[in-house]
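In: Predicted model, plus sequence, below.
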Amino acid sequence: SKFPFLLTRIVQKLHLRNESIFSDVEHEQLCGRFSLSDGELRTVLEALSYVFEQAAYHTIRPASLPDLLMETGMDEGHAAAVAEVWEEGATGLVAQLKEHTMSGPSSLTSSQYRLHLVMGESNLSTLQDPAALFELGLTSANGDTEKVAVEFNHNEMYDLFLKLERIQEQLDGLS
């Protein structure tokens, strides 16, 4: 039915880092078929991609995968479907992923930050404009290093924090 198709496509395209698993039109159709918002579908796709990446990285056997997924809260039917697709596509995906790094084109190797606060001027004495400035050191797969500077205001930093918390909860649920 619909779910195995989704899983099969993820396994087939997971190794293609710079390519979307589904086209925009397919993405919209999937939102309708699964009754999910755009954000919810993206979360499901990211979570399933992560499951398959971790299964490949840890070379998890298909027979073990359903129990591991059910321990994280996945229902038995969906866990069995994931394991079935994993059994069919594991060998090919592992071979394709061996050609690529798991961390993508660059890895974070260092980070620094500082807080910046612009206080009010004499006529606007209560004005405050806080910002966090980050300098991220990245190393590419071929060893090239790069420094990236990023600035976040309070709202942007809070949004980033919420996303990182969500990612941490998902990681905790899988481990």
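Out: Sure thing, it's come through. Residues are numbered from 1 along each chain as shown.

In: just for this structure, where's the confidence low?
Out: Within the chain, the stretches with pLDDT under 70 are 1, 17-18, 100-104, 118-127, 174-175.

In: Report the central residue of it.
Out: residue 46 (5.1 Å; Cα atoms, centre = their mean).

In: Just the element for that residue, please.
Out: Per DSSP states H and E, residue 46 falls inside helix 38-57.

In: Quick check: phi and psi at residue 139.
Out: Note on residue 139: its backbone torsions stand at phi -120, psi 130 [degrees, to the nearest 10].

In: Grab the nearest non-local neighbour of it.
Out: residue 109 (4.7 Å; Cβ to Cβ, 6 or more residues apart in numbering). Quick note: C-beta positions are derived from backbone N, CA and C, even for glycine.

In: and whichever strand or helix holds residue 150, what other elements does it pack with?
Out: Here residue 150 sits within strand 145-153, counting by DSSP H and E. Judged by 3 or more Cβ pairs under 8 Å, 6 or more residues apart in numbering; DSSP states H and E, strand 145-153 is in contact with strand 106-119, strand 128-140.

In: Within the sheet, what are the partner strands of that strand, with directions?
Out: If you go by DSSP bridges, strand 145-153 pairs up with strand 128-140 (antiparallel).

In: So which of the helices and strands packed on strand 145-153 is the most surrounded?
Out: strand 128-140 (a mean of 14; mean count of other Cβ atoms under 10 Å).

In: Export only the CA atoms of that strand, formatted as CSV.
Out: C-alpha atoms of strand 128-140 as CSV (Å, rounded to 0.1, in the frame of the first residue of the first chain):
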residue,chain,number,x,y,z
GLN,A,128,18.1,46.5,23.6
ASP,A,129,19.0,44.4,20.6
PRO,A,130,20.5,41.1,21.8
ALA,A,131,22.2,38.7,19.3
ALA,A,132,24.3,35.6,19.4
LEU,A,133,27.2,35.4,17.1
PHE,A,134,28.6,31.9,16.2
GLU,A,135,31.7,31.0,14.3
LEU,A,136,31.5,27.4,13.1
GLY,A,137,34.6,25.5,11.8
LEU,A,138,33.7,23.0,9.1
THR,A,139,35.9,20.4,7.5
SER,A,140,34.8,18.8,4.1
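
In: same for the top helix by length along the chain, what does it pack against?
Out: In the chain, ranked by residue count with DSSP state H as the criterion, the top helix is helix 76-98. Applying 3+ Cβ pairs under 8 Å, 6+ apart, we find helix 76-98 packed against helix 2-13, helix 38-57, helix 65-71.

In: Brilliant, that's me finished.
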